[in-house]
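**Student:** here's my sequence, what's the structure:
(one chain, ligands or ions: 2)
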Amino acid sequence: MKNRVLTGDRVTGKLHLGHYAGSLKNRVALQEEHECFVMLADVQALTTHFERSELISCSLKEMALDYLAAGIDPNKTSIFIQSMVPEIAELTMFFSMLVTVNTLRHNPTVKAESKGAGLDELYYGFLGYPVSQAADIAFCKATLIPVGEDQLPHLELARKVVRRFNELYKPVLVEPQALISEVPRLVGTDGEAKMSKSLGNAIELDCSAEELALKLRKAKTDPARIHKNDPGHPDICPIYAYHGAFRPEGAVEIRENCEAGTIGCSACKEKLRLALEGLLAPMRERRVDYAARPRDIDDILQAGTAEVRRIAAVTMGEVREAMGLDYF
Ligand code: ATP
Ligand code: MG
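**Tutor:** Ligands and ions are numbered 1, 2, ... in the order given. Next up, the predicted model:
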């Protein structure tokens with residue numbers, strides 16, 4: 001069956017290897033068979049970055065370039081801008097009547113992120129962003145959502161809201177399914193938290209060969225391994241996690257040699273660097289190619305957004321009719 005696939009990324013900076021492994025790789029594969037939509041989530045970015053909106057406007061086209069460089073094909077996938085689809089805001093408002101504040105407060109991803117967001121208090125927009133995300137998915141009746149593990153509580157909420165709406169009014173909306181990748185949570189170069197734009201522990205998809213080498217050199221490894229021949233503990237080492245994600249065919253050998261102390265961290269990092277160069281070098285080339293045609297990027301974003309608005313208008317007509325709000 002042909003699915004409608006929707007995903008998005010907060011417009012808070014460049015995309016990184018975590019996005020690629022957790023979601024982007026799946027999106028590129030799915031666009032061959034399915035109808036695909038990728039959303040630049042600028043409104044959701046405002047929930048934590050409302051005082052730094054210039055970061056959002058500066059990042060938007062860089063992220064569009066990241067998508068295109070990673071292999072998103074604008075002829076197969078509609079790339080659109082969240083704030084330019086007002087129907088999403090309208091549906092968010094209707095959905096917000098169906099979700100309790102307690103449900104949002106207990107959402108584990110909201111809890112974890114509110115600690116990391118550096119905001120002094122819990123803001124209404126931030127607390128409610130999973131509701132807005134449910135509307136992002138429901139307005140286009142997406143069926144399949146390729147996401148990282150952190151998004152599962154939000155997907156569950158989206159399913160519940162859609163079910164509640166359909167039961168209360170009319171079954172016009174569709175319950176989405178999450179698609180979790182083989183790498184649901186890529187750890188950052190600090191070896192502690194999820195690789196994230198906001199935590200300074202990311203390897204960006206557009207980094208140069210030199211930047212990649214430097215980031216890998218600085219990346220944490222097993223802290224107990226002082227000498228090259230000390231036996232290592234791959235399960236606590238981010239470099240080993242990256243071997244698993246980006247060089248799975250060689251990961252068993254790395255584990256054995258690391259545990260036996262027969263490969264040093266520098267040699268292990270070098271093998272990974274070569275594999276990542278193989279992934280990133282073609283992306284850099286595509287990026288340069290697209291970056292030379294900024295008008296084309298604008299056209300791609302405008303066409304994608306226009307396409308999505310056509311779909312949104314149809315869904316909102318059905319939603320209003322279902323709720324009895326179609327007065328004339
Ligand atoms: P921010 O720090 O601004 O929240 P982020 O790096 O967490 O940024 P998002 O835009 O929140 O990125 O996430 C976009 C998508 O990428 C989501 O589906 C998320 O699950 C996935 N993703 C992001 N980081 C990772 C990661 N380290 N591992 C796996 N998936 C990830
Ligand atoms: Mg995030």
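**Student:** Leu157 touches Ala134, doesn't it?
**Tutor:** Yes: the criterion here is Cβ atoms under 8 Å, and Leu157 meets it with Ala134 at 6.0 Å. Every C-beta, even on glycine, is put in place using the N, C-alpha and C of the backbone.
**Student:** ok, the two, which is more surrounded?
**Tutor:** Using other Cβ atoms under 10 Å as the criterion, Leu157 and Ala134 rank with Ala134 on top: 27 against 21.
**Student:** neighbours of Glu192, how many?
**Tutor:** 11.
**Student:** setting aside sequence neighbours, what's the nearest residue to it?
**Tutor:** Closest residue in space to Glu192, ignoring its immediate chain neighbours: Asn201 at 7.5 Å, by Cβ to Cβ, 6 or more residues apart in numbering.
**Student:** can you report phi and psi for the one you found?
**Tutor:** Backbone torsions of Asn201, given as degrees, to the nearest 10, read phi -120, psi 30.
**Student:** so it sits right up against Met195, yeah?
**Tutor:** Yes: counting by Cβ under 8 Å, Asn201 does reach Met195; the two are 5.9 Å apart.
**Student:** overlap in contacts, those two.
**Tutor:** In terms of Cβ atoms under 8 Å, 6 or more residues apart in numbering, Asn201 and Met195 are both contacted by the residues Gly188, Thr189.
**Student:** between those two, point out the one with more neighbours.
**Tutor:** Counted by other Cβ under 10 Å, Asn201 and Met195 do not tie: Met195 has more neighbours, with 25 against 22.
**Student:** tell me the spacing between the more buried one and His19.
**Tutor:** 8 Å (Cβ to Cβ, to the nearest Å).
**Student:** domains for the protein, by residue range?
**Tutor:** The record's domain split for the chain, according to automatic domain parsing, is 4-186+293-323, 207-288.
**Student:** for the longest one, measure first residue to last.
**Tutor:** This means domain 4-186+293-323. Terminal residues of domain 4-186+293-323 lie 24 Å apart, using Cα to Cα, to the nearest Å.
**Student:** so who does the closest residue to Ser78 other than its chain neighbours touch?
**Tutor:** Spatial nearest neighbour of Ser78, excluding adjacent residues (Cβ to Cβ, 6+ apart): Gly304 at 3.9 Å. Gly304 sits next to Phe37, Val38, Pro74, Thr77, Ser78, Ile79, Phe80 when contact means Cβ under 8 Å, 6+ apart.
**Student:** now, among these, which is nearest to ligand 1?
**Tutor:** Val38 (10.4 Å; Cβ to the nearest ligand atom).
**Student:** what about the closest residue to that closest one other than its chain neighbours, helix or strand, and which?
**Tutor:** Nearest non-adjacent residue to Val38, counting by Cβ to Cβ, 6+ apart: Ile79, 4.9 Å away. Using DSSP states H and E, Ile79 sits in strand 77-81.
**Student:** dump that strand to CSV, restricted to CA.
**Tutor:** In CSV, the C-alpha atoms belonging to strand 77-81 read as follows (Å, rounded to 0.1, in the frame of the first residue of the first chain):
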residue,chain,number,x,y,z
THR,A,77,9.1,14.8,-1.8
SER,A,78,7.3,18.1,-1.0
ILE,A,79,9.5,20.2,1.2
PHE,A,80,7.4,22.8,3.0
ILE,A,81,7.5,25.5,5.7
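**Student:** which elements pack onto that strand?
**Tutor:** Applying 3 or more Cβ pairs under 8 Å, 6 or more residues apart in numbering; DSSP states H and E, one finds that strand 77-81 makes contact with strand 35-41, helix 53-70, helix 294-323.
**Student:** switch the ones you listed over to JSON lines; also include distance to ligand 1 and mean pLDDT.
**Tutor:** Listed next are the helices and strands packed on strand 77-81 as JSON lines, based on distance: least, Cβ to the nearest ligand atom, whole Å; pLDDT from 0 to 100:
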{"stretch": "strand 35-41", "distance to ligand 1": "7", "mean pLDDT": "98"}
{"stretch": "helix 53-70", "distance to ligand 1": "9", "mean pLDDT": "97"}
{"stretch": "helix 294-323", "distance to ligand 1": "17", "mean pLDDT": "98"}
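**Student:** and of these, who's closest to Leu272?
**Tutor:** helix 53-70 (19.0 Å; Cβ to Cβ).
**Student:** which secondary structure elements does the closest one contact?
**Tutor:** The contact analysis (3+ Cβ pairs under 8 Å, 6+ apart) places helix 53-70 against strand 35-41, helix 42-49, strand 77-81, helix 265-291, helix 294-323.
**Student:** what residues of whichever helix or strand comes after the shortest one count as buried?
**Tutor:** Same thing as strand 77-81. Using DSSP H and E, the helix or strand that directly follows strand 77-81 along the chain is helix 86-96. The neighbour-count check on helix 86-96 (16 or more other Cβ atoms under 10 Å) flags Glu87, Ile88, Glu90, Leu91, Thr92, Phe94, Phe95, Ser96 as buried.
**Student:** who touches the fourth one in this structure?
**Tutor:** The reference is to Leu91. When contacts are counted by Cβ under 8 Å, 6+ apart, Leu91 touches Ala135, Ala138, Phe139, Thr315, Met316, Val319.
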